[in-house]
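Visitor: coordinates only, sequence not included:
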């Protein structure tokens, strides 16, 4: 069996398996560090710059270790890419039998019980008819699928209203009490994961399992020898969400729907439950109306005492309690009603908790067009996360292209409580000094000026023309994006793609296919986007990505740190903005032969002392404030595509 160094080295098998693969010293160094961490059961944090090839750098020692390894990625898309593309290549390169498994959250698998339940409800109700032809498609597919992964069912769109009716949640799953338990696709996926040597999951599943101890990690984590968390910069925010609790209008509406369905089957004479459920549905709708028409998020304390909200909340609690009382009385009539009774009691408790003040959590709300969520989020998750790590004493590897501010990892380690971890920073092997140019235009107003976005577009247009399109324009707000799209609509001589007009994956494919398009995006395009070669040769960033201090969780963290005598700006806001900017900048160079221009518009990079913190955290680029240098750069450089390097 080849060791990790031999697999990734000049004469290694990857050279034969991948056209254009070249060994990189940084990749070899990371692989050696991961290998030590797994062998010695330690904690390792690695910032691996773009082009290091961190995926292969941790896959080689993971598969070579002979141990049980869990690998978690930032999104389901990256999870699928790792499992279906990168992992098979590394398994062939190593040449040893390694059993692998892909495990997703339960909402990604067909629930046979809820499929049957929905079919039954459609036959006995004249209300709320779902798309019957889609339901028929799902039933036909259920007879042939072996995995139950709904990604297979391409005939039904991702945003179909059917999915919540034929998949389960932790709330409505009957567990071992389910009549379809033996054929459950979630159970089968868990069993396969328990038997595998390497299991690929995603961060949302990872934290859902830690927080709820329900999704299968109760069996997986105790047997794991190593946990590798890729795209680790996302972990603090995801952990903050999952270690909290909440009540959503969807949970309440689903409780009402499921209660009626189970009542019809298990207690048909208990018609009062149906009227209570109808009243609960109306109370949910009234609560949404009382919270205001606009979509927003904010501190709950600022909203809950408004007369209309207070009255709607009281009515909601009363109707939920009536449903709860009725369900508790009927719980012994059947497994479905018993499950609804458990859910109703939990939702009552959470609504009551939202009425109590707390010093350790942030209470906040979020409204959407027709729905709302009330949340309680912990201020500090470091201690909680450390407790979980100590509960499962194995090797822990955290890696991302963006974890450090300058050369310091303090911002990341403090949020997760990783005081004793080994930290390794590996710069990108790409030649940024010769292949890129950083353009910082002069003469722009302050970012809070009402004419700022218009001024940015005026400065960017000549650069976009010099680049012949092929550009990402990244904005820090949807408002700025919409204004920029309006300004460019009549004067841009290249195809324009705007976030929100189509799914992200579709926009990116259109961008690649066009070859000269200009794409306008906000937060979701700042990371996880990989466009290699000539199609992307210019990245324009309108402002430094400081999070809004009015965001409720951030606001509470800033206030808490200020009360402790800390510096909220230097300790929280600045480090977060630096890491976010590094993510945006990382979109530009994705291959060894890529060239391109980074246009940073925010004048605070030069006028504020903290501007140096941002610039010192970026790759080594030539900086100019002269637009003619940009034109010369594009004339003198010709981008070419580059092969995969792991």
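Guide: Looks like it came in fine. Fair warning: this is a prediction, and the values are worked out from it, not measured in the lab.
Visitor: lowest mean pLDDT among the helices and strands of this structure, which one is it?
Guide: One helix or strand of the chain scores below all others by mean pLDDT, DSSP states H and E: helix 217-220, with a mean of 60.
Visitor: immediately after it, which helix or strand?
Guide: strand 226-229 (DSSP states H and E).
Visitor: who are the packing partners of that following strand?
Guide: helix 25-40, helix 54-64, strand 69-73, strand 395-400 (3 or more Cβ pairs under 8 Å, 6 or more residues apart in numbering; DSSP states H and E). In short, each C-beta sits where N, CA and C put it, glycine included.
Visitor: list phi and psi for residue 47.
Guide: As for residue 47, its main-chain torsions (degrees, to the nearest 10) stand at phi -90, psi 120.
Visitor: low-confidence ranges in the stretch 451-600 of the chain?
Guide: Along the stretch 451-600 of the chain, no part satisfies pLDDT under 70.
Visitor: try the chain
Guide: 1, 124-131, 211-220, 638-646.
Visitor: domains of it?
Guide: Domain assignment for the chain, taken from automatic domain parsing, gives 4-99+196-242+381-426, 106-186, 245-378, 432-636.
Visitor: now, of the ones you listed, which is deepest in the fold?
Guide: Of the domains of the chain, the one with the most neighbours on average (mean count of other Cβ atoms under 10 Å) is domain 4-99+196-242+381-426, at a mean of 19.
Visitor: now for it, what's the gap between its first and last residues?
Guide: 18 Å (Cα to Cα, to the nearest Å).
Visitor: again, but for stretch 123-134
Guide: The first-to-last residue distance of stretch 123-134 comes to 15 Å (Cα to Cα).
Visitor: hey, where'd the helices end up in the stretch 101-250 of the chain?
Guide: Assigned by DSSP state H, counting those that start in this stretch, the stretch 101-250 of the chain shows helices spanning 112-124, 132-142, 163-166, 185-195, 203-212, 217-220, 235-242, 249-266.
Visitor: can you check the stretch 401-550 of the chain too?
Guide: So, for the stretch 401-550 of the chain - with DSSP H, counting those that start in this stretch - the helices run 410-416, 432-435, 452-466, 478-488, 504-514.
Visitor: and the third one, what does it pack against?
Guide: Right, the one you point to is helix 452-466. strand 471-474, helix 478-488, strand 538-541, strand 596-600, helix 627-636.
Visitor: list the contacts of the third one.
Guide: Under the contact criterion Cβ atoms under 8 Å, 6 or more residues apart in numbering, strand 538-541 has outside partners 456, 460, 463-464, 467, 470-474, 581, 584-585, 587-588, 596-602.
Visitor: okay, the helices of the stretch 401-550 of the chain in TSV with distance to residue 88 next?
Guide: Listed next are the helices of the stretch 401-550 of the chain as TSV, based on distance: least, Cβ to Cβ, whole Å:
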stretch	distance to residue 88
helix 410-416	31
helix 432-435	31
helix 452-466	40
helix 478-488	38
helix 504-514	22
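Visitor: out of the ones you listed, nearest to residue 115?
Guide: helix 504-514 (27.0 Å; Cβ to Cβ).
Visitor: and that closest one, what does it pack onto?
Guide: Partner elements for helix 504-514 (3+ Cβ pairs under 8 Å, 6+ apart): strand 496-498, strand 518-521.
Visitor: switch to 6 Å and redo it
Guide: strand 496-498 (3 or more Cβ pairs under 6 Å, 6 or more residues apart in numbering; DSSP states H and E).
Visitor: circling back: in TSV: the helices and strands packed on helix 452-466, plus distance to residue 521.
Guide: Listed next are the helices and strands packed on helix 452-466 as TSV, based on distance: least, Cβ to Cβ, whole Å:
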stretch	distance to residue 521
strand 471-474	6
helix 478-488	7
strand 538-541	11
strand 596-600	15
helix 627-636	21
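Visitor: among the ones you listed, which comes closest to residue 516?
Guide: From those, taking Cβ to Cβ, the stretch that ends up closest is strand 471-474, at 9.1 Å.
Visitor: contacts for that closest one next, please.
Guide: Outside strand 471-474, the residues that touch it by Cβ atoms under 6 Å, 6 or more residues apart in numbering are 464, 518-521, 526, 538-541, 584, 587.
Visitor: one more: stretch 339-349?
Guide: 171, 174, 247, 255, 258-259, 262, 320, 323-324, 327-328, 331.
Visitor: what about the residue lying farthest from the centre of the chain, distance to residue 120?
Guide: Largest separation from the mean C-alpha position in the chain: residue 269, at 45.2 Å (Cα atoms, centre = their mean). For residue 269, the distance to residue 120 equals 18 Å [Cβ to Cβ, to the nearest Å].
Visitor: residue 545 now?
Guide: 49 Å.
Visitor: ok, back up a step: save the helices and strands packed on strand 226-229 as CSV, and put in distance to residue 304 too.
Guide: CSV is the format used below for these (distance: least, Cβ to Cβ, whole Å):
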stretch, distance to residue 304
helix 25-40, 47
helix 54-64, 45
strand 69-73, 36
strand 395-400, 37
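Visitor: and of those, who's closest to residue 114?
Guide: strand 69-73 (27.0 Å).
Visitor: helices and strands around the next helix or strand after the closest one, which ones?
Guide: Proceeding N to C from strand 69-73, the next assigned helix or strand is helix 76-81, under DSSP H and E. Under the contact definition 3+ Cβ pairs under 6 Å, 6+ apart, helix 76-81 sits against strand 198-202.
Visitor: compute the inter-axis angle for the strand it packs on and helix 54-64.
Guide: With axes from the mean of the first three to the mean of the last three Cα atoms, to 10 degrees as the basis, strand 198-202 and helix 54-64 are set at 140 degrees to each other.
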